[in-house]
Each structure stands twice: as C-alpha cells, then as structure tokens.
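Novice: Give me a model of this one.
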Amino acid sequence: MALLAGGAAAACTARREGETVLRFWAMGNEGGTVGQLMPEFERRNPGVRVEVQPLPWTAAHEKLLTAYAGASLPDVSQIGNTWVAELSAIGALSPTPPEAADLMTDQFPAVLETNQIAGRAMTTPWYVDTRLLFYRKDLLARAGFDAPPQDWAEWKRAMHGVKRAAGGDNYAILLPLNEFEQLLTFGLQIEEPLLRDRNTRGNFSNPGFIAALAFYRSLFAEGLAPLASSAQISNVWTEFARGYFSFYFSGPWSVGDFRSRLPASFQPNWATAGVPGPNGLGASAPGGSSLAVFKSSPHQEAAWALVRYLSEPAVQARFNTIVGDLPARKSAWDIAQVERDPMLAPFRGQLERAKAVPKVPEWERIVTEMQIVAERMVRGEYTPETAAAEIDRRADRLLEKRRWMMEQGRAV
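Specialist: Model prediction:
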C-alpha cells in the first residue's frame, strides 16, 4: 500500500522546470514493486523523473487500447508478450533503434522471437516464464519410477502407475477443460507450424497435431485426467497434496504458492521437471512480460534509457530478489543464482526448449476456440481428426480479415 500511495503521490508531483517526466505503466506485482528500482535510474539520469502507474492485469489490455485511441499512451509500458503483434499491427510501438540492438543479446531464443515482428524487435523482454510439470515425487517413487518421465510413452506408464499408487477416486494429471495452455503445450511438440500460408490459415489438421489431440484425449479416456474445469477444483494445492492428481502444468509463480500453502512436512514430496515430448523432453510456450516504448512518446531517448536500465543483468537480478520474476537476460540468472533453487532450475532448460507461438493478433481467440473444440472431443463429439478439421475451420474464420489484408499488402 505504501508503494501504491508513493506512486500516486509521484503522479501528483509538480513538474520542475526543464525536467523530463516519463510515464511508465506496470502491471500486477511488478506495478507495486518496480518503483524500488527508480531512484538509481533517476540518479544516473539527472533531470529525468519516472512516474509509475500500477495497473491490474485484468484491465491493462483494454486500457492500453483505449489510451491508443485517445492519444494518451504512456512513454513506456509493461505488456504481455502475446500483445506485441496486436500493438504492432495498429502502429503503436516504437521499434528497437539500432543503438539499442545489444539489448536483444543474452536472451532466450523463443522469448526473443515473440518480441519480433517480421524479424524486427518491437519490444524488449523484461522477465520470462513458461510452463512445465509439477509432480509428486513420493507417488512417482511408489509407482516404481526414480526420475520424472521424459517422453509420452514413459509418461503414460508413469501416470497409470501413480493413479494406482494414489488409489481411490484419484487421478494422475489435472488438465482443466477450460484452459488451452495444456493442449497448446502438447501441440508445440510437433515440427509442423500451427498456422500456414503466412499465418492466414489454420494448420491443425497436420498429422503431428492430430497425434497430440489423440494423446490428450487418451488421458481422459483412460481415466488419468478428470473431466473438470478449473472452477470445479476448489483448491489446487490441497488437491495436489491429497493425491487427487500427481502431475500439474504450471509456471514459476506456483513455486512460491506450493511452498507457502503446503505444510513443511509435505515439501519433500514434490518437484518440478521438464515437459515430456513424443521422443524426449519437449517444448512449451514462452511467456512473461516485455517493455514497450510507444511511438507517440515525445521522450524517446529517455524512454529507451529506462528500457536499457531495466534490461541490465544486475538490475534484473535485483528485481528477481524483490518480486521473484525470472530474468529475461541469461546472465542475470547467474548473478541472482536462480538455479540454486532446485524447483526453479528446470525452468532454464524448459525456456531453452521453448517454441514461439504464431504472432498474429487473433492468436488468443484461435487457441480459445481450439480448447472449446477439444473439450467437445474428449466428451465424445469429435474424433481427433474431425476435431482438427473443426479447429482449422474456426481458425480460418478468425483469420479471414488477415487474409484479405495480406492480399492487399497491408499486413506483415
């Protein structure tokens, strides 16, 4: 509360003569804590003051679009990296200038790719995340496995084993039917792209994605995953601890939750591991947040100076200690000694294997439709083949305007 109050007070501070005031929007936990980094930036940049405006993630996307329409965007903002394509398409972003090209080094490749449009960096990675497996070490050991599985066949055997070990009405894995991230992770294991024809049509009917759909469906058909949405799981940590499921996809944000919400006596019973793929450890989608400088800012030099400062490995390492975000710069992991934490160490390997998703503004709507169809598939309405065809049909409908724009030469 003191930080928020301080931010509000800063917003009301009168501008001193000759002073440059940078407006910086930041979301969630970052919005409440990044202000701790600003005194050092202002010390290094006399005459520049940063006003941090915290925003909730639930309102941030709409607020940015409203601000663009009203010509009232800030100078710099934290954004979700899946928003880069949309904000680039409307011309809101100031591309990375040549003198800032070095900020694109020391990065995870897939994360960097999400910040690029047509090969040009439009935003700068700030912190990163991805999803991997949280699993019950004790139940896996009781099932006869001394290490987490690394491919789908071994994983399926392990899931049957932990289901038997857990007993009763328990399951092996939680795959909430209203969340697309788990199926998307399976789909990213394949070589074929999920969109084709310059990202203007769905490519979900390829053999690899059909195999991913079949594997996903089999986890429900074989009784390894409950037919449930996330709203039907009252408390993920409690259900995980009691053995209702033993495998769970999540990101680094859940490490602190598992540690704080589960008793000390339970802590030796869980761990994290890379995502199994068809033939070995596989990919996942890169996540996190990026720093965007807006084209409308009259303070481009100062804005990029702020981005440079927040991208310094030492500053990212310090921010890791403040808020717990995984740094975007690889060298910052070493400075902060992130991998000394055994629960966070697997995230580095998973980020190295991550694969960027298609960079089209319609992507989030496409994967939402993908999951709607997938739920109907596991309930028996579709086969994997007909589900893939239906996802393609829905994707093609959502991409209709993009196809027209590509034909007119008005899209990238």
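
Novice: what residues does stretch 362-378 touch?
Specialist: Contact with stretch 362-378 is made by 82, 85, 177-180, 183-184, 195, 202, 204, 213, 216-217, 220-221, 227, 357-358, 360, 382-384, 387, 390-391, 394-395, 398-399, 402, as judged by Cβ atoms under 8 Å, 6 or more residues apart in numbering. In this view, the C-beta of every residue, glycine as well, is placed from N, C-alpha and C.

Novice: Pull out the buried positions in that stretch.
Specialist: Residues of stretch 362-378 classed as buried by neighbour count (16 or more other Cβ atoms under 10 Å): 362-363, 366-367, 369-375, 377-378.

Novice: can you tell me which of those residues are in strands?
Specialist: Using DSSP state E, no member of these falls in strands.

Novice: The contacts of stretch 362-378, buried ones only, as a PyMOL selection?
Specialist: For the buried members of the contacts of stretch 362-378, the matching PyMOL selection, counting by 16+ other Cβ under 10 Å, is:
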select buried, resi 82+85+177+180+183+184+195+202+204+213+216+217+220+357+358+360+382+384+387+390+391+394+395+398+399+402
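
Novice: So of the buried residues of stretch 362-378, which two are at opposite extremes in space?
Specialist: Largest separation among the buried residues of stretch 362-378 by Cβ to Cβ: 362 and 378, giving 24.4 Å.

Novice: Backbone dihedrals for residue 51, please?
Specialist: Dihedral angles of residue 51 (phi, psi; degrees, to the nearest 10) stand at phi -100, psi 110.

Novice: quick one: average pLDDT of stretch 323-341?
Specialist: For stretch 323-341, mean pLDDT is 96.

Novice: gap between the two ends of that stretch?
Specialist: With Cα to Cα, to the nearest Å as the measure, stretch 323-341 spans 15 Å from end to end.

Novice: how about the helices of the stretch 1-150 of the chain, start to end?
Specialist: Assigned by DSSP state H, counting those that start in this stretch, the helices in the stretch 1-150 of the chain fall at 2-11, 28-33, 38-44, 57-69, 84-89, 109-114, 137-142.

Novice: And the ones you listed: which comes nearest residue 309?
Specialist: Comparing the helices of the stretch 1-150 of the chain by their distance to residue 309 (Cβ to Cβ), the top pick is helix 38-44, with 4.8 Å.

Novice: list the helices and strands that closest one packs on?
Specialist: strand 48-55, helix 300-311 (3 or more Cβ pairs under 8 Å, 6 or more residues apart in numbering; DSSP states H and E).

Novice: go with 7 Å
Specialist: Helix 38-44 sits against strand 48-55, with contacts defined as 3 or more Cβ pairs under 7 Å, 6 or more residues apart in numbering; DSSP states H and E.

Novice: Not counting the strand it packs on itself, show me its contacts.
Specialist: Residues outside strand 48-55 that contact it (Cβ atoms under 7 Å, 6 or more residues apart in numbering) are 4, 7, 10-11, 19-27, 31-32, 34-35, 38, 41-42, 63, 302, 306.

Novice: Per the annotation, how does the chain divide into domains?
Specialist: For the chain, automatic domain parsing gives the domain ranges 2-129+286-353, 132-284+360-406.

Novice: Mean pLDDT lowest where, among the ones you listed?
Specialist: When I compare the domains of the chain, domain 2-129+286-353 is least confident, with a mean of 93.

Novice: Tell me the buried residues in the helix or strand harbouring residue 346?
Specialist: Per DSSP states H and E: residue 346 is located in helix 345-353. Judged by neighbour count using 16+ other Cβ under 10 Å, the buried positions of helix 345-353 are 346-348, 350-351, 353.

Novice: so which of those comes closest to residue 119?
Specialist: residue 351 (21.3 Å).

Novice: What separation is there between that closest one and residue 42?
Specialist: 32 Å (Cβ to Cβ, to the nearest Å).

Novice: can you check residue 25 too?
Specialist: Distance from residue 25 to residue 42, by Cβ to Cβ: 18 Å.

Novice: Could I get the contacting residues of the closest residue to residue 245 other than its chain neighbours?
Specialist: Once flanking residues are discounted, residue 245 sits nearest to residue 174: 4.2 Å by Cβ to Cβ, 6 or more residues apart in numbering. If a contact means Cβ under 7 Å, 6+ apart, then residue 174 has 225, 233, 245, 248 as its contacts.
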